[in-house]
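Enquirer: Based on what follows, work out the 3D shape:
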Amino acid sequence: MLRACDVLGRAQLPILYGPVRHGPGHNVAAYHRNPDDQIIELYYDMDLMLDEELGHFEPRPWHRDRPQKPKVWDPNLPRDYWGLPPTDEFRRTPAPVPT
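Expert: Coordinates of the predicted model:
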């Protein structure tokens, strides 16, 4: 992630959101727009389902005080555990594609 963010900085492509840790997959992510105005997500450290026959996995706790358990994610709760909020540029609608 560090090297990817360095490459973005040298290319003058600002990080629009992140680094942030998402709750559902426990992954670390950062977002930027590519030259075609599309949002690109860079991420690492996603949870893995090691035994698909079980239909679930036992998540690894990454906070001792808040161990993760399989659950349905409440859309009213924040999905990120830490990191900066998204910028206005991240939230904007992409420019229309000429036809």
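
Enquirer: Can you tell me which helix or strand of the protein has the lowest average pLDDT?
Expert: strand 80-83 (a mean of 79; mean pLDDT, DSSP states H and E).

Enquirer: all helices of this structure, in order?
Expert: For the chain, applying DSSP state H gives helices covering 2-10, 88-91.

Enquirer: Including mean neighbour count, could those helices go into TSV?
Expert: For the C-beta atoms, the positions are set from N, CA and C on the backbone; glycine is no exception. As requested, the helices of the chain are exported to TSV (neighbours: other C-beta atoms under 10 Å):
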stretch	mean neighbour count
helix 2-10	11
helix 88-91	12
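
Enquirer: Where does the prediction get shaky in this structure?
Expert: Applying pLDDT under 70 to the chain flags the ranges 47-73.

Enquirer: Go ahead and flag the most central residue of it.
Expert: Using C-alpha atoms, centre = their mean, the residue of the chain that lies closest to the mean C-alpha position is Ala29, 3.6 Å off.

Enquirer: and the closest residue to that residue other than its chain neighbours, what does it touch?
Expert: Nearest non-adjacent residue to Ala29, counting by C-beta to C-beta, 6 or more residues apart in numbering: Tyr43, 4.1 Å away. Applying C-beta atoms under 8 Å, 6 or more residues apart in numbering to Tyr43 gives the contacts 22, 25, 27-30.

Enquirer: quick one: which of those residues sit in strands?
Expert: Among those, DSSP state E puts 22, 28-30 in strands.
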